[in-house]
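Trainee: Predicted coordinates and the sequence they were generated for:
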Amino acid sequence: MSNIPADTSIEPDFEDYYVNMGPQHPSTHGVLRLIVKLAGETVLGVTPHIGFVHRGIEKMAEALTAQQFFPLTSRLDYLSAHMNNWAWAMAIEKAAGIEVPERAEYIRIIMSELSRISSHQLWWGVFGMDLGAFTPFLYGFRDRERVNDIFEKTCGVRLTMNYICAGGVREDVDRDFEKDVREFTDYFEPMIDEYDRLLSGNIIIQERTKGVGVLDPETAKQYGCTGPTLRAGGVDYDVRKNRPYGLYPRMDFKTAVATEGDSWARYVVRLEEMRQSLKIIRQALDQIPAEGPVRAKTPMNIKIPDGHYLSRVEAARGEFALYLVGNGKILPQRVKLRSPGFSNLSALPETVKGWRIADLVTIMSTFDLVMPDIDR
Amino acid sequence: MESYIYRTDKLILDLTEWLTEATGSAFAAEVVKMSIAAAVLSAFVGLLAMILIYIERKVAGHMQQRVGPMRVGPHGILQTVADSIKLVAKEGLTPKNADAFIFNLAPLLVFASSFACLSFIPFSPGMTIVSFNVGLLFILGIASVGVLGILAGGWASNNKWSVLGAMRSGAQIISYELSATLALLAIVPFFGTLDFQEIVLSQQKGWWIWRAPGVGLLGFLIYTIASTAECNRTPFDIAEGESELTGGFHTEYSAMKFAMFFLAEFINIFIVSAISATVFFGGWMPFHIEGLDTLNRVFDLLPPIVWFFGKVACLVFVVMWFRWTFPRLRVDQLMHFEWKYLMPLSLINLALAAIAVSAGLYFFN
Amino acid sequence: MTNEKPPENQSTPGTNADISGKPIPTESGSKELRPKLKEIFGADAAFAPESDPPRITIKPESLRETATRLRESGFDYLLLLTAVDYPDEGKIQIVYAITNFNEADELTLTVDLDRNAPEIDTVSDIWRTADWHEREVFDLFAVRFRNHPDLRRILLDDNWEGYPLRKDYVDNVHNVVKRHG
């Protein structure tokens, strides 16, 4: 059973068959609409239509102060809420020149990495379901629940945390935080091996993913793909390494990189990323100062000076960048949110060409799209 | 004298005798008998589907580290009853641009073919509704009528996803039927009959899965795979493929029409497991080892009907087990698998069986 | 037996994902960046004073030439492309944040356009990711990109009226206007 895409240059000799995938479709994971041109089962072309959950967050940002905008950043990629919060906090800190206390920096790293793990757990479960295996879904959720419990204890919220704020984090962590996180890391490490046993070794999964939907590194770079989608093709690019922020330079970890660029490589990269995140969390827990302030003193309404400020973080799906244009007032002139999914999705039509409709689902799943992030 | 639990053949005979006396003619007795059978079978189908759905949900739950339905009744046993009431009470919708007649006919066709298959299953000695000499062949023929219903339903829905699902289903069932039939056919020379009751009786000395040397086991494996595909069950559920086709051929169906497809699916699981149990595992025949009479008598303590349902339950569990552990195959991989691996293998199996039979290579003979 | 230690932290068994151990850059590449930019833009490149990545304002006519030169000199990653509306000054500023996948270099190009008829060349053939980003700017700011392969609205409905991210956009139905002191 070889995985070679069909030749799409041959036009079918019957009428074109278009199907409308989404916005209500089980595997578009949100409200993505794809117009799929088919020849039998083979995908000849895909046209994505986005914007179904466009809430105009960038416009809202122009009417909100720095502090007021934090909750909205949590609602972009709701699975990387901490990272998105961090990007906004970093932009504000850059603009207003705020120093972040050391303890807060460590808490930010731990929270972000936990959030990355939780995002990949969910992705792993949903990936299994997209390929027809229902069971991994519940395994993924079982472990994600533990991360959510940790978030809930400290932030009071399980999904849209709104915890990282300008000048640090909103308040100090829960008193059991360190114990909980250590327990979780010890618990979860063997669980990744269980994930491998449950799904990775399965012959059907391998047949369905190996060689399927190859996104070669040059095309990926051209489309501005980031995160596991890019790294699966062998491009060693991670904002945490290439443009370190926070205290990431102090962390000893490796970027997960594969070479093939197919769905299997994207799968493997994400599993490896979870392992690396655990490593980072352990180091951060070892290094974190036991006491100290977690939030710098900031004025209630932060004046954003005239100028352009760029902040970039590595969210679970790739690089999340935030471009802030200030005008010396408390309301920003313009906030641009560069979401990883937006660029990743733009590479999808190229990647799925020639594959079958079932592969379209696989490829879409391994791209790991979150629509509120793309539509903003 | 043994009770009727053991001697169901006697029970049926006595019943027929009594009916003939009461009605005065053999034909009337047959009509009454068939009516009773139909009524019993209808009740049985409803009960069977409910139990299977409940078991499926419990199996799924425990495989997925949860407990399954727990709220309605003790351990959720009334959950499927509640679901059935809901399905019956729901409004049955027909899409505006659908071919209404065929659209409404399709679930009936699928259901009827499954229902008809049940009448050949030997539940216990003498307990077959229709027992005739080509039962096995007939059941294979009747079972494939169901695919027409699926194709018709998918086509009449006037939905592109449904058509895709129906086409997949058609291609799949027609392909895998070959392997399933060939796998059963390989065992037929050993017992030399197509009558289910006689097939069971031929396994007095041992079940065909090990009595037919190697061929039985291989045949069983091929049949299990092919029949799972015929039932449209994971890993071969590409016809529904809910993550790809949003439900496949039954995307547009709701309420009782949907329930019919659903019901047929579960009856089909039961039927393929029952055929498998009958042909390979001796049907209602208790486990016997020749020469160990004491042990055999211990096994005989259980009534044949328990043996039958016990075997079927184990096989049904295997099918459910597949569903909750395997991902789905892609459509071309599915076809490759059938035509490049399974079909040649079942042909080889058939040839081996022919050689074994002509050379008289039986075990326990 | 050699003394070589097996490579640490091999990934999932049965896969050939490799884990690269790149040295961590301790500082951003800004130090080498400025001379490099001087080479591209000439010695009199005007850096805007108050910007975190170095920002250079260029003329609309020289955009394509500059972009091509940047792309050739290794800036292979268009991080984002957006616009800023300045109604008081009557201009719309297009922002290109450009970086690359290898080093930490980053810079921003800004181009000022006339607010009433904003039009500029596309860069979607230089960085393909600009395709969707330009569509977004067209959708929300009504900036026309010349030679764009497929300039359609992307986030909003095809028959949406107005361009929401312009400062003078009024939508009393969908937009909640807040006033702050």
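Mentor: That came through fine.
Trainee: Counting neighbours, what do you get for the residue nearest to A:Ser346 when sequence neighbours are not counted?
Mentor: Once flanking residues are discounted, A:Ser346 sits nearest to C:Trp132: 4.5 Å by Cβ to Cβ, 6 or more residues apart in numbering or on different chains. In short, each C-beta sits where N, CA and C put it, glycine included. Neighbours of C:Trp132 under the rule other Cβ atoms under 10 Å in any protein chain shown: 24.
Trainee: Per-residue pLDDT of the residue in the stretch 251-376 of chain A that chain B sits nearest to, please?
Mentor: Per Cβ to the nearest Cβ, A:Ala358 is where the stretch 251-376 of chain A lies closest to chain B, at 4.5 Å. pLDDT, A:Ala358: 85.
Trainee: quick one: secondary structure of it?
Mentor: Assigned with DSSP: H, G, I helix; E, B strand; the rest coil, A:Ala358 falls in the helix class.
Trainee: so it makes contact with B:Pro327?
Mentor: No - look at A:Ala358 against B:Pro327 with Cβ atoms under 8 Å: they stay out of range, at 10.5 Å.
Trainee: Which neighbours do the two have in common?
Mentor: Residues touching both A:Ala358 and B:Pro327 by Cβ atoms under 8 Å, 6 or more residues apart in numbering or on different chains: A:Arg208.
Trainee: quick revisit: what's the spacing between the residue nearest to A:Ser346 and B:Ser157?
Mentor: Going from C:Trp132 to B:Ser157 by Cβ to Cβ, to the nearest Å gives 35 Å.
Trainee: Which residues of the stretch 151-300 of chain B lie near chain A?
Mentor: Contact residues, the stretch 151-300 of chain B versus chain A (Cβ under 8 Å from any Cβ of the partner chain): B:160-161, B:164, B:234-235, B:237-238, B:241-246.
Trainee: again, 7 Å this time
Mentor: Counting by Cβ under 7 Å from any Cβ of the partner chain, the stretch 151-300 of chain B comes close to chain A at B:160-161, B:234-235, B:237, B:242-244, B:246.
Trainee: Find the residue closest to B:Arg323 in space, skipping its chain neighbours.
Mentor: Nearest to B:Arg323 is B:Thr234, by Cβ to Cβ, 6+ apart, at 4.2 Å.
Trainee: got it, and C:Arg146?
Mentor: Nearest residue to C:Arg146, sequence neighbours excluded (Cβ to Cβ, 6+ apart): C:Asp121, at 5.0 Å.
Trainee: quick one, what contacts that neighbour?
Mentor: Contact analysis of C:Asp121 by Cβ atoms under 7 Å, 6 or more residues apart in numbering or on different chains lists C:63-64, C:146-147.
Trainee: now the strands: where do they sit in the chain?
Mentor: As the question left the chain open, I've gone with chain A. Ranges of strands in chain A, per DSSP state E, are A:17-21, A:33-39, A:42-49, A:164-165, A:168-169, A:255-257, A:307-315, A:318-326, A:334-338.
Trainee: The intended chain is chain C.
Mentor: Counting by DSSP E, the strands of chain C are C:18-20, C:55-58, C:77-86, C:91-99, C:106-114, C:119-121, C:144-146.
Trainee: picking that back up, let me have the contacts of C:Asp121 in TSV, extended by pLDDT and neighbour count.
Mentor: Output for the contacts of C:Asp121, formatted as TSV (pLDDT from 0 to 100; neighbours: other Cβ atoms under 10 Å in any protein chain shown):
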residue	pLDDT	neighbour count
C:Leu63	84	19
C:Arg64	85	17
C:Arg146	86	10
C:Asn147	87	11
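Trainee: Tell me which of these fall in helices.
Mentor: If you go by DSSP state H, the contacts of C:Asp121 have C:63-64 in helices.
Trainee: between the contacts of C:Asp121, which is nearest B:Gly61?
Mentor: Closest approach between the contacts of C:Asp121 and B:Gly61, by Cβ to Cβ: C:Asn147, at 58.3 Å.
Trainee: Cheers, nothing more for now.
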